[in-house]
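J.: pasting the structure only:
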DNA sequence: CGGCTTATTTTCCGCTGTCAATGAAAGAAA
DNA sequence: TTTCTTTCATTGACAGCGGAAAATAAGCCG
């Protein structure tokens, strides 16, 4: 049906070479010596690993003379050539697909969203194929090949098998999405859970670079959490992990769609905020944007709803910090648009509920453009591509 | 002051040899072929790794003919010789020290508890030295050398540095316990947090064998939790991790010593149960044993206190399961003596609060003899000893 | 006693990463 | 200008780890 997937593989012939490449990819241009130090290898190993990667065009040597030593031979910087290969990343939601074309450094070159009328796997696949074609045409215009695609789907996703085990929004069960999409697009396809995909993007290209333990909390329609422990994304033995949204913060709180009361999501999810703003103000706000507008206008009932949400989120973050002791927690998601409405409550309730030194955890926010979820999908594709080399 | 520490080191000259030894240690007698399979190595590698370990006496070949194949050459079983080396493990609490002598398989050969009158580091060290001498004398009686000691202390402990950063019960700050104890005992000393030490014991010798992701929840005076993620014990970036005891289960609940309301420990810790039993029944029970006796007698107020505790613990476990998706949760601790009083509530509230497939997590209980914490300390010493080999 | 089967060992062999020495590229000093 | 010093990078020899395949061992069965 199509060209064989994985026509192009990454020429890192040893685990050390992959490791060095990833270090260069996420920690920016570095001298060989510095690469060796950060990857825990000898300079000689770096020299040997870097050469074939430069020959293959994945790394370039820049003569940037910024941090030249006062004395001695100037170092040359080694840097990933982002333009060497392009990737497609697509986030699939229940009612639209968002696609991006990125370079090897996960910089978004082009973004596109399409509505999704029909959620049946076949219909979604057709839309995905069309979107991928469009993004690949864009890549052709740049004269660079797309070498992999990543798909991000919410729910229980088995990345290793490329299977969507169960996605409530799409109403899918056991869909072998990677296989199907690879067949229709002719590209190697990686499928992962959306929050984990975003976590990979943060780990390699965002605020998680260089950290072995951090958490990413997404605030929006749902409240999600991606965890990196011991340098690896936590997937969970049964496909469930990072469900901070269903941590209970108040057993007497509002009913959650999961059946429990007082889940973080039942207090701080968009729907919960909207419901509370409606109840408190009598204004029939349609969505979170309108609810936030009311709060920004100073309406007390609306502000109260956000304060409560902030408190719940802070408590959820404290729970993660108490259990895992991450170095950093990154807050992101569409809900950040209203961040000023609950920033204080998040910080206060985190500080109050964090136990001992867990409070030393660095809590940051990070804006999330609409295409960020798709960029996460691209990050998983980049990860798979780099792992596709001949070694192992 | 003493003989140089680490007189005897473990002769595993390659990482693979250590891995094979650990597999044999925790997964019992196995054939070489099976060892190869479980460690992900070739049979040839096993042969090469096993020989020097047999020569050094750490492994023995048993001709057990149980699972002989119907056809072909019978397999010979490879098994760790527990009697090859002995270890000391000591748990230090605020008012006593509990010491054990174990063999290499972490079987307890001798246990001893001593009261602790004075918590000052120097006084504790003297007690530790005396206890260690006694245990080593016991070992001399067996004609086998003690090759390492492990100390388990609650609080913030930096195992790598051998430092007790902060221990509330001992009122210690920044005590270089490993160094001090090594000097007074002449043994290589490993120091770790008590719950993490117990987690290591479960990982290598208990219900966590063969699992890469599990949690150990200890129920007693405090509620603790040790986590194994990606095959490694989670230590936390700031020395805090596994603080399930300070996960909030009810923001309107009783005040916890940590300053918050409704922590798991404030509902399910021994002190909380005792307080609630007193309040509900009017009987001035002195401790958890008396409280449990009352509940066993069918006094409703006491039973209610246990029911609440069980609910809190179940919720705490669900929180861990929702965030990390472990394969198994092991419940242990002194509080298990009253397990029948809240088993049902733990199971029910876990099942209710677990999100989706997280409920598939296997929840087990495991009895905990009084010397178990000390055995955990010995497990860390065994771990350090095996890692003490020439490689790395 | 030969087949047959499975377990273990042996014998190479490729590959990886390190070591120690050497080369390269500056600025500084003579 | 030449030489020294300093630091970065490369080279080439090398040790050793773990794998593949072939050989060997050890039973059973006819």
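T.: Cool, the structure landed. For clarity, every value in this text was computed on a predicted model and none was experimentally measured.
J.: could you list every residue that touches residue A:232?
T.: If you count contacts by C-beta atoms under 8 Å, 6 or more residues apart in numbering or on different chains, residue A:232 has them with residue B:230. (Each C-beta comes from the backbone N, C-alpha and C, glycine too.)
J.: just residue A:364 next, same as before
T.: Applying C-beta under 8 Å, 6+ apart to residue A:364 gives the contacts A:207, A:328-331.
J.: Nearest to residue B:370 among these?
T.: Using C-beta to C-beta, residue A:329 comes nearest to residue B:370 of the contacts of residue A:364, at 38.6 Å.
J.: packing partners for the helix or strand hosting residue A:348?
T.: Assigned by DSSP states H and E, residue A:348 belongs to helix A:339-353. Contact partners of helix A:339-353 among helices and strands, from 3 or more C-beta pairs under 8 Å, 6 or more residues apart in numbering or on different chains; DSSP states H and E: helix A:288-296, helix A:300-324, strand A:362-365.
J.: What about the residue in the stretch 201-350 of chain A positioned nearest to DNA strand C, how many residues nearby?
T.: Residue nearest to DNA strand C within the stretch 201-350 of chain A: residue A:231 (16.9 Å; C-beta to the nearest atom of the strand). Close neighbours of residue A:231, defined as other C-beta atoms under 10 Å in any protein chain shown, add up to 11.
J.: measure it to chain B for me?
T.: Applying C-beta to the nearest C-beta, to the nearest Å, the value for residue A:231 to chain B is 8 Å.
J.: Could you do residue A:164 as well?
T.: According to C-beta to the nearest C-beta, residue A:164 and chain B sit 14 Å apart.
J.: what's the spacing between the residue lying closest to that residue once chain neighbours are set aside and residue A:285?
T.: Leaving aside its chain neighbours, residue A:164 sits nearest to residue A:175 (4.4 Å; criterion: C-beta to C-beta, 6 or more residues apart in numbering or on different chains). Applying C-beta to C-beta, to the nearest Å, the value for residue A:175 to residue A:285 is 35 Å.
J.: Compare neighbour counts for these two and give me the winner.
T.: Neighbour tally, residue A:175 and residue A:285, criterion other C-beta under 10 Å: the higher count belongs to residue A:175, 22 against 19.
J.: is it true that residue A:371 touches residue A:106?
T.: No: in this structure, residue A:371 is not within contact of residue A:106 by C-beta atoms under 8 Å, at 11.4 Å.
J.: And the helix or strand that residue A:20 is a member of, how far out from the chain middle?
T.: Using DSSP H and E, residue A:20 sits within helix A:15-26. Distance of helix A:15-26 from the chain centroid (C-alpha atoms, centre = their mean, to the nearest Å) equals 20 Å.
J.: What residues does chain A have near DNA strand C?
T.: By the rule C-beta under 7 Å from any atom of the strand, the part of chain A lying against DNA strand C is A:13-17, A:40-45, A:48-49, A:71-74, A:391.
J.: Kindly recompute the last result at 6 Å.
T.: Applying C-beta under 6 Å from any atom of the strand, we find that chain A lies next to DNA strand C at A:13-16, A:41-42, A:44-45, A:72-74, A:391.
J.: for the residues you listed, which one is nearest residue B:367?
T.: Set against residue B:367, the nearest of the residues of chain A next to DNA strand C by C-beta to C-beta is residue A:15 (42.9 Å).
J.: Around that closest one, count how many other residues there are.
T.: Using other C-beta under 10 Å, residue A:15 has 13 neighbouring residues.
J.: how about the closest residue to residue A:236 other than its chain neighbours, what does it touch?
T.: Closest residue to residue A:236 apart from its sequence neighbours, by C-beta to C-beta, 6+ apart: residue B:325 at 2.2 Å. Neighbouring residues of residue B:325 by C-beta under 8 Å, 6+ apart: A:234-241, B:213, B:357-358, B:361.
J.: Going by neighbour count, which residues of stretch A:289-304 are buried?
T.: By neighbour count on 16 or more other C-beta atoms under 10 Å in any protein chain shown, the buried set for stretch A:289-304 is A:290-292, A:294-295, A:299, A:301-303.
J.: Take those and write them to a markdown table, including distance to residue A:36.
T.: Formatted as a markdown table, the buried residues of stretch A:289-304 follow (distance: C-beta to C-beta, whole Å):
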| residue | distance to residue A:36 |
| --- | --- |
| A:290 | 54 |
| A:291 | 52 |
| A:292 | 49 |
| A:294 | 56 |
| A:295 | 52 |
| A:299 | 58 |
| A:301 | 59 |
| A:302 | 55 |
| A:303 | 53 |
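J.: filter those by proximity to DNA strand D?
T.: Near DNA strand D, taking C-beta under 6 Å from any atom of the strand as the test, no member of these is found.
J.: does chain B sit close to the helix holding residue A:20?
T.: No: shown here: helix A:15-26 not in contact with chain B (C-beta under 8 Å from any C-beta of the partner chain), separated by at least 13.4 Å.
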